[in-house]
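sequence plus the predicted model coming up.
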Amino acid sequence: MQPSVDPQDDVVTLCRDLLRIDSSNYGDGSGPGERAAAEYVMAALTEVGWDPELTESAPRRATVVLRIPGTDPTRPALVLHGHTDVVPARAADWRVDPFGGEEIDGMLWGRGAVDMKDMDAMILAVVRDMARTGWRPPRDLVVAFFADEEAGGDYGARWVVANRPELFEGATEAVSEVGGFSVEVAGRRAYLLQTAEKGLAWLRLVATGRAGHGSQVNEANAVTALAGAVARIGNHSWPMDLTPAVRGLLAGVADLAGLPFDPDDPGTVPALLDALGHAGKFVGTTVCTSANPTQLAAGYKANVVPGRAEATIDVRFLPGEEEMAMRTLAELAGPGIRFEDVHRDIALQAPLSGALVDAMVAAIGVEDPEAVVLPYMLSGGTDNKSLARLGITGYGFAPLRLPPGLDFAGMFHGVDERVPVDALKFGVRTLARFVRTC
């Protein structure tokens, strides 16, 4: 047995230390990589007697995996995973050093405090407590800290799934980020359990035409063709389509707020999203597929018509709508516009039922008895997409009890990212309770 350490104290130290490690992911390989964060995780695990494995997909792109035997080896394993990379932070935009890990007014500040070094710290604190006190989960636990989640996982979860699938042998379910945090609805606290994810397609639109002098009439101008396509796509109104997760969320909000909800009447939806406060914008994009132009590139001189113009669009499609979305985009773009994949990944949809969900709901219920748990769909993506390639069903459950009025959802990839210390302590208690009963 190791010396006694309260996981609620441990999680704060672990989160602070992780926030002080710059693991920015610029998406082009130019960042510092995750090696330093992975080495910190390795040290935190080996210190208490675990024997994790560090693997690199490329120099500095490191992932850590640990398998902990459960008390019932006949049951399928559960993957508990996080990622150690963060999106970049421009220090001039922040009130504090984004990699300072400062505690101010009961909050830990820093890039990754929300996405997702808070959950990394909770996972570490729970498994360190296992080693120190000797308790074990009821099923095998595969603990993973992936690289490269913020750029699609090619050097992280995708690479590990493709090259080291044996690490997840026997696993059928997974739990990770962007779910389990609380919101206020009509004075009641509700925890949003992430049961679905939109799919994504980052697409490059390419128009080719006839290069020439800028003073001449040019009926084959690539910039003109591309600009029309981008405008049509950017201005398109996608039809509302409420998936099971979104229907479950809106029905729950309607009950809490005493508002009407008719799944066949789009007019009842805006008031329900408003009732979610800051989180309404976060989940509001899950009522339909979306496509946003994000980049443009063409030409090299003011008086030269280029022969090629490019744009990038960020498409987030609902489960089951990928084919429809691609067909609609082609129609909007019109003839002569070519589409190229930059990055594409699947949509996910998991049931809000079963023993694993029951364990998550029960863990919240013990720590916050008056609260309710509602499903929701994530408009972004997580490493659960990669694990799904192995047949593993993923959920988002990083439990945090948050103070009313905190725009937690708005801090994902935002400035002045921070997490309440009390929320971390609540989270490690709840996560430990879940892991003990999963």
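Okay, I see it. Residues are numbered from 1 along each chain as shown.

what's near enough to touch the spatially most central residue of the chain?
With distances taken as CA atoms, centre = their mean, residue 382 lies nearest the centre of the chain, 4.1 Å away. Counting by CB atoms under 8 Å, 6 or more residues apart in numbering, residue 382 makes contact with 149, 176-178, 197, 394, 396. Every C-beta, even on glycine, is put in place using the N, C-alpha and C of the backbone.

correct me if wrong, but it is in a helix.
No. Secondary structure of residue 382 (DSSP: H, G, I helix; E, B strand; the rest coil): coil, not part of a helix.

quick one, helices of the stretch 1-150 of the chain?
Counting by DSSP state H, counting those that start in this stretch, the stretch 1-150 of the chain has helices at residues 7-19, 35-46, 117-133.

how close does the nearest residue to residue 96 once chain neighbours are set aside sit to residue 412?
Excluding its sequence neighbours, the residue lying closest to residue 96 (CB to CB, 6 or more residues apart in numbering) is residue 109, at 4.9 Å. For residue 109, the distance to residue 412 (CB to CB, to the nearest Å) stands at 15 Å.

those two: which is more packed in?
It is residue 109, of residue 109 and residue 412, that has more neighbours when counted by other CB atoms under 10 Å, with 22 against 15.

my guess is the more buried one contacts residue 420, does it?
No. Look at residue 109 against residue 420 with CB atoms under 8 Å: they stay out of range, at 10.9 Å.

surely residue 377 and residue 196 touch.
Yes. Under the criterion of CB under 8 Å, residue 377 makes contact with residue 196 at 4.0 Å.

overlap in contacts, the two.
Shared contacts of residue 377 and residue 196, defined by CB under 8 Å, 6+ apart, are found at 243, 245-246, 286.

most neighbours out of those residues, which is it?
residue 245 (27 neighbours).

would you list the phi and psi of it?
Phi and psi for residue 245, reported as degrees, to the nearest 10, are phi -60, psi -40.

when you give positions from now on, start the count at 503
In the new count, where the first residue is 503, that last one comes out as residue 747.

how about the closest residue to residue 646 other than its chain neighbours, what does it touch?
Spatial nearest neighbour of residue 646, excluding adjacent residues (CB to CB, 6+ apart): residue 583 at 4.1 Å. By CB under 8 Å, 6+ apart, the contact set of residue 583 is 625, 644-648, 659, 676-678, 885, 889.

before we move on, what about residue 744?
Residue 744 sits next to 752, 765, 771, 789 when contact means CB under 8 Å, 6+ apart.

state the pLDDT value of it.
In the predicted model, residue 744 carries a pLDDT score of 95.

now do the SS call for it.
Secondary structure, three-state DSSP: residue 744 is coil.

from residue 853, how far out is it?
Going from residue 744 to residue 853 by CB to CB gives 16 Å.

following the one helix or strand in the chain whose mean pLDDT sits lowest, which helix or strand shows up next?
With mean pLDDT, DSSP states H and E as the measure, the helix or strand of the chain carrying the lowest mean pLDDT is helix 780-786 (a mean of 88). Using DSSP states H and E, the helix or strand that follows helix 780-786 in sequence is strand 792-800.

give me the subset of the contacts of residue 884 lying in strands.
Judged by DSSP state E, the contacts of residue 884 include 678, 699, 896, 898 as members of strands.

identify, from those residues, the entry nearest to residue 804.
Closest approach to residue 804 among these (CB to CB): residue 699, at 43.5 Å.

who's in contact with the closest one?
849-850, 879-880, 882-884, 886-887.

where's it relative to residue 780, distance?
Taking CB to CB as the measure, residue 699 falls 20 Å from residue 780.

burial of residue 821, as a residue count?
18.

again with the one 5 residues further on
Other residues near residue 826 come to 15 when the count uses other CB under 10 Å.

residue 781 too?
Residue 781: 25 neighbours (other CB under 10 Å).

ok, and the closest non-adjacent residue to it?
The shortest distance from residue 781 to any non-neighbouring residue, by CB to CB, 6+ apart, is to residue 685 (4.5 Å).

which helix or strand contains the one you found?
Using DSSP H and E, residue 685 sits in strand 683-687.

output the contacting helices and strands for that strand.
With contacts defined as 3 or more CB pairs under 8 Å, 6 or more residues apart in numbering; DSSP states H and E, strand 683-687 has these neighbours: strand 690-699, helix 746-759.

low-confidence bits of this structure, can you list those?
Low-confidence segments of the chain, defined by pLDDT under 70, span residues 503-505.

can you pull the domain assignment for it?
As assigned by automatic domain parsing, the chain contains the domains 509-680+883-939, 698-847.

quick one, strands of the stretch 503-652 of the chain?
Using DSSP state E, counting those that start in this stretch, the strands of the stretch 503-652 of the chain run over residues 555-560, 563-570, 579-585, 605-606, 609-611, 643-648.

just the strands in the stretch 803-940 of the chain please.
Remark: strands assigned in the stretch 803-940 of the chain by DSSP E, counting those that start in this stretch are 806-807, 810-819, 839-847, 850-851, 874-880, 895-898, 920-922.

possible to save the ones you listed as CSV with distance to residue 690?
Formatted as CSV, these follow (distance: least, CB to CB, whole Å):
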stretch, distance to residue 690
strand 806-807, 60
strand 810-819, 29
strand 839-847, 35
strand 850-851, 26
strand 874-880, 7
strand 895-898, 21
strand 920-922, 19
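
could these go into JSON lines alongside distance to residue 576 and mean neighbour count?
As requested, the strands of the stretch 803-940 of the chain are exported to JSON lines (distance: least, CB to CB, whole Å; neighbours: other CB atoms under 10 Å):
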{"stretch": "strand 806-807", "distance to residue 576": "69", "mean neighbour count": "17"}
{"stretch": "strand 810-819", "distance to residue 576": "38", "mean neighbour count": "21"}
{"stretch": "strand 839-847", "distance to residue 576": "33", "mean neighbour count": "14"}
{"stretch": "strand 850-851", "distance to residue 576": "27", "mean neighbour count": "20"}
{"stretch": "strand 874-880", "distance to residue 576": "29", "mean neighbour count": "24"}
{"stretch": "strand 895-898", "distance to residue 576": "19", "mean neighbour count": "23"}
{"stretch": "strand 920-922", "distance to residue 576": "38", "mean neighbour count": "24"}
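
got a list of what residue 930 touches?
By CB under 8 Å, 6+ apart, the residues touching residue 930 are 509-510, 512-513, 623-624, 627-628.
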